[in-house]
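Student: sharing a model prediction with you, sequence too.
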Protein chains: 2
Amino acid sequence: MDFEQAVDSFTDRDWQETTDGTVRLALVGLGWWTVDEAIPAIRETDLCEVTVLVSRSQEKAQRFADEAGVPHAISGDAYHDGECADEYDAVYVATPNAYHLEYVETAADLGKAVLCEKPMEATVERAEQMAAVADDAGIPLMVAYRMHTEPAVRRARELVESGAIGEPVQVYGNNSQSLLSIIDDPDQWRLDPDASGYGTSMMDLGIYPINTTRFILGSDPVSVQAQMASTHEAFREVPDERSTATAVYDDGVYAAFTATQNAYEDTELTITGMDGQLTLSPAFHMECELTVETDDRMFSVSADDVNEMTEEFDYFADRVLSGEPLYADGDHGLYDMRVLEALHESAETGATVKLQ
Amino acid sequence: MDFEQAVDSFTDRDWQETTDGTVRLALVGLGWWTVDEAIPAIRETDLCEVTVLVSRSQEKAQRFADEAGVPHAISGDAYHDGECADEYDAVYVATPNAYHLEYVETAADLGKAVLCEKPMEATVERAEQMAAVADDAGIPLMVAYRMHTEPAVRRARELVESGAIGEPVQVYGNNSQSLLSIIDDPDQWRLDPDASGYGTSMMDLGIYPINTTRFILGSDPVSVQAQMASTHEAFREVPDERSTATAVYDDGVYAAFTATQNAYEDTELTITGMDGQLTLSPAFHMECELTVETDDRMFSVSADDVNEMTEEFDYFADRVLSGEPLYADGDHGLYDMRVLEALHESAETGATVKLQ
């Protein structure tokens, strides 16, 4: 792929296998992400339809179902009892991290495909259980990284693969935001290790640049370091209000990452090669602009009319309907969980942690 | 300082104490940096004049002196013997790192002020000796970081101090270049640990973002991690063709740095605060553009007509002539040497290394 091709075919759905059929979805967990982002985005898909909403309380589910015109609303308990199972083909799990597993277990029992939000679960052990459960049941399990079907990220991967910036050498990624400005509640689940897992800034934010680097380079972190701290009172239960990390990827690329839940919002991913540099900025919060620079060329491009969530749900449905392999699967998500655990271990012990 | 002030007074020499007098300089080490950058820049200063060139061989010194119209040319041995000592007031040391000390020792013996290139020396021990020698002799010793008198960096520091981006939270800095494209010789001194010290990418390049962060924040690294590797044949003697690092500064700012001597050229320093972000990009290779962004404002400014080396030499001369304290002094330079040593120790042992 050269620069012209990257621009000309920027929003092409190069992953598309089918245009026929509909995947009926049960959405589990009705936080702002599901209500404000997922439901409107799914309305724009070609291959998905929301048929069931699931929340802890049936009343809450019913209220959102009425608002959004979704035919069925059930409680979590009813979901686990198999209620409405004939009304949906697949489940989107967007609960707090530590509740992902139980909803996937039920989906596996019922033979439903699963799209599970990132990070996969709260701990490596629970993510392992999830991958095993899905494997045993033979259901498709996809982790909802969202960036893998963002056009800028796909074109970035193709450009790197085709040598547009030469051999990749180093990476920097950042994901910072002001969590308490978004959700003005110190008791929210992202600040509660029982619900979130190892922490908050790397689990919730740092995972974006770390994972998107995996996707673009086709390479995985094998050696990581991190330093972390919490100072603000609202972050007292988690170790990483702010964090910084290094990672060596298995292709020899050296990466640095920063993430914080308590600063000015900024997202960036920069890959420097021998002959050029590729930057996504902004990168991770539902808008993504690609800039590629070499000694003699520079261009920037973004797809303002593409909704990342629409792309993600259509990709998932495409794979469920076509039966083709999907990315990112449970093993891929599990590897990120090991990286996240390793980062927290490094911050705690001060030692470099090797993976693989 | 607000944004308007930063733009209006962008190139003000706020450091200036005197406009009277001339500091006559002996330049030691006639590599491309001295010949192509320093000599033309000094010609533009208000307070400096080059009167002596010093090189290993008198012939080489004479050739460059003839070309540049400098009245005196001597060998290193002659310099150490005190030849021409009446012809200069101060010495600029731009030899390979491991030869800095001997030239500063002679300058101290002769009671001459010293401007010494960064990094201060090849090792902490030799830098300690240099600081002690200068202290004992009572000569002014300044380490030539160059960025401290770059207008964009000075305004960045003032804006951060005045709260323009809120409390600083995190930093990212990069300095990458293709050394073999600049100097096409695998036997050059930057790739020889006997001449360069601990390594090449952090010693020569990473020191820019690490030190500029110290200057802008008024804060020092207290805990560092690093990973490094060399793969290209020309880098076989040094451990860090490419490197990545984390650093916690003593004000609680979390930083990530990357540096490489073998990739596409790019320099950047980004400081993210609670309320905004400040970026220098490009940052470190003789051009520097400042961008400041908050929720409701954004501006970019650079000083294309300012030569960083001219500013640096005039600042040094200003301090020599006025007798006012100078920055960065030997203790400041020594601290960077400890940070560099700690980064290499971390890369070697895998452990986080504490300073202070």
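Tutor: Cool, got the structure.

Student: next, the buried residues of the helix or strand of chain A with the lowest mean pLDDT.
Tutor: Counting by mean pLDDT, DSSP states H and E, the weakest-scoring helix or strand in chain A turns out to be helix A:3-8, with a mean of 87. Applying a neighbour-count criterion of 16 or more other C-beta atoms under 10 Å in any protein chain shown, one finds A:F3, A:A6 buried in helix A:3-8. For glycine as for every other residue, the C-beta is placed from the backbone atoms N, C-alpha and C.

Student: just checking, what packs against that helix?
Tutor: For helix A:3-8, the contact count by 3 or more C-beta pairs under 8 Å, 6 or more residues apart in numbering or on different chains; DSSP states H and E identifies helix A:151-161, strand A:289-294, strand A:298-302 as packing neighbours.

Student: run the chain-centre distance for it.
Tutor: 26 Å (C-alpha atoms, centre = their mean, to the nearest Å).

Student: returning to what we had before: which among the helices and strands packed on helix A:3-8 is found nearest to chain B?
Tutor: Closest approach to chain B among those is made by strand A:289-294 (7.6 Å; C-beta to the nearest C-beta).

Student: any buried residues in stretch A:189-197, and which?
Tutor: Neighbour counts using 16+ other C-beta under 10 Å place A:W189, A:R190, A:L191, A:D192, A:P193, A:S196, A:G197 of stretch A:189-197 among the buried residues.

Student: tell me the SS of the residue of the stretch 51-200 of chain A found nearest chain B?
Tutor: For the stretch 51-200 of chain A and chain B, the shortest gap (C-beta to the nearest C-beta) falls at A:V169, measuring 3.9 Å. Following DSSP: H, G, I helix; E, B strand; the rest coil, A:V169 is assigned to strand.

Student: up against chain B, what does the stretch 51-200 of chain A have?
Tutor: A:I165, A:G166, A:V169, A:Q170, A:V171, A:Y172, A:N174, A:S176, A:S178 (C-beta under 8 Å from any C-beta of the partner chain).

Student: reformat those residues as a markdown table; add distance to B:T95.
Tutor: Shown next, in a markdown table, are these (distance: C-beta to C-beta, whole Å):
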| residue | distance to B:T95 |
| --- | --- |
| A:I165 | 35 |
| A:G166 | 33 |
| A:V169 | 29 |
| A:Q170 | 29 |
| A:V171 | 35 |
| A:Y172 | 33 |
| A:N174 | 38 |
| A:S176 | 42 |
| A:S178 | 48 |
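
Student: mind picking the two most distant members of the residues you listed?
Tutor: Longest distance between any two of those is 36.8 Å, between A:G166 and A:S178; criterion C-beta to C-beta.

Student: follow-up on the earlier one: need the helices and strands packed on helix A:3-8 in TSV (columns: mean pLDDT, distance to A:L101 and mean neighbour count).
Tutor: Converted to TSV, the helices and strands packed on helix A:3-8 look like this (pLDDT from 0 to 100; distance: least, C-beta to C-beta, whole Å; neighbours: other C-beta atoms under 10 Å in any protein chain shown):
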stretch	mean pLDDT	distance to A:L101	mean neighbour count
helix A:151-161	97	28	22
strand A:289-294	98	35	19
strand A:298-302	94	36	14
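
Student: redo the ones you listed as TSV? Include distance to B:Q356.
Tutor: What follows is those, written out as TSV (distance: least, C-beta to C-beta, whole Å):
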stretch	distance to B:Q356
helix A:151-161	41
strand A:289-294	39
strand A:298-302	43
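
Student: residues contacting stretch A:46-56, please?
Tutor: Outside stretch A:46-56, the residues that touch it by C-beta atoms under 8 Å, 6 or more residues apart in numbering or on different chains are A:18-19, A:21-30, A:39, A:42-43, A:61, A:64-65, A:68, A:70-76, A:78-79, A:84, A:87-88, A:103, A:313-314, A:316-318, A:321.

Student: does chain B sit close to whichever strand or helix holds A:A226?
Tutor: Counting by DSSP states H and E, the secondary-structure element that holds A:A226 is strand A:221-229. Yes: if you take C-beta under 8 Å from any C-beta as the test, strand A:221-229 does meet chain B, through A:S223, A:Q225, A:A226, A:Q227, A:M228, A:A229.
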